[in-house]
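K.L.:
I'll drop the sequence and a predicted model, then ask my questions.
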Amino acid sequence: MNIVIGSDHGGFKLKEILKKFLQLQNHTVADFGCYSEEPVDWTDIALLVAESVKDRYYDFGILIDGFGGAVCLAANKVKGVRAVCAYNEFSARLAKEHDDANILCLGGKTVGDLENIEIVKSFLSALPAKDEKYLRRLKKLDDIEKKYFK
């Protein structure tokens with residue numbers, strides 16, 4: 001898979017760990033920053049990743065900050081992005097299966113590195129469900145976007 005990853009300073013260490021893991025799994029990984037633990041604005045990184053996923057330059061994105069919520073908020077401001085914060089394998093799998101999420105948001109300070117690797121594996125291995133109820137809900141989500149993203 002072709003994956004883009006980005007973090008703020010609070011997620012930098014985890015980003016580096018996940019990047020290496022993904023590359024060892026033969027994924028192509030683009031790193032959109034940050035590149036150290038020096039403070040940066042999470043909004044800037046989240047926007048870069050979200051726009052690249054929206055424009056389909058990458059199959060999926062991964063965003064990381066201290067708890068996963070801030071980058072998720074920013075990414076979801078981009079039309080066509082479905083960013084979801086996951087704290088365990090179950091929530092990561094359902095984010096893809098039920099919500100067709102295209103960006104996984106993680107917290108560098110919420111769970112351990114090994115658990116975050118399992119969360120990423122769960123997200124990437126899941127497939128969007130084709131069940132009518134999920135498709136209906138995703139259509140309603142698209143309708144909300146059309147109403148508010150003009």
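P.N.:
Thanks, I have it.

K.L.:
Can you give me the neighbour number for the nearest residue to Leu14 once chain neighbours are set aside?
P.N.:
Counting by Cβ to Cβ, 6 or more residues apart in numbering, Leu14 lies nearest to Gly108, which is 4.0 Å off, once chain neighbours are set aside. Placement of C-beta: from N, CA and C, glycine included. Residues within reach of Gly108, counting by other Cβ atoms under 10 Å, total 23.

K.L.:
Just give me how far the helix or strand bottoming out on mean pLDDT in the chain sits from the chain centre.
P.N.:
Sorting the helices and strands of the chain by mean pLDDT, DSSP states H and E puts helix 132-148 at the bottom, at a mean of 95. Between the centre of helix 132-148 and the centre of its chain there are 20 Å (Cα atoms, centre = their mean, to the nearest Å).

K.L.:
So what touches it?
P.N.:
With contacts defined as Cβ atoms under 8 Å, 6 or more residues apart in numbering, helix 132-148 is touched by 79-80, 82, 97-100, 128.

K.L.:
Greatest separation within the residues you listed: which pair is it?
P.N.:
Lys79 and Glu97 (22.5 Å; Cβ to Cβ).

K.L.:
who has more neighbours, these two?
P.N.:
The residue with more neighbours, out of Lys79 and Glu97, is Glu97; 17 against 13, by other Cβ under 10 Å.

K.L.:
Contact partners for the residue nearest to Leu14?
P.N.:
Applying Cβ under 8 Å, 6+ apart, we find Gly108 in contact with 7, 10-15, 64-66.

K.L.:
Tell me which entries of those residues lie within strands.
P.N.:
Of these, the ones assigned to strands by DSSP state E are 7, 64-65.
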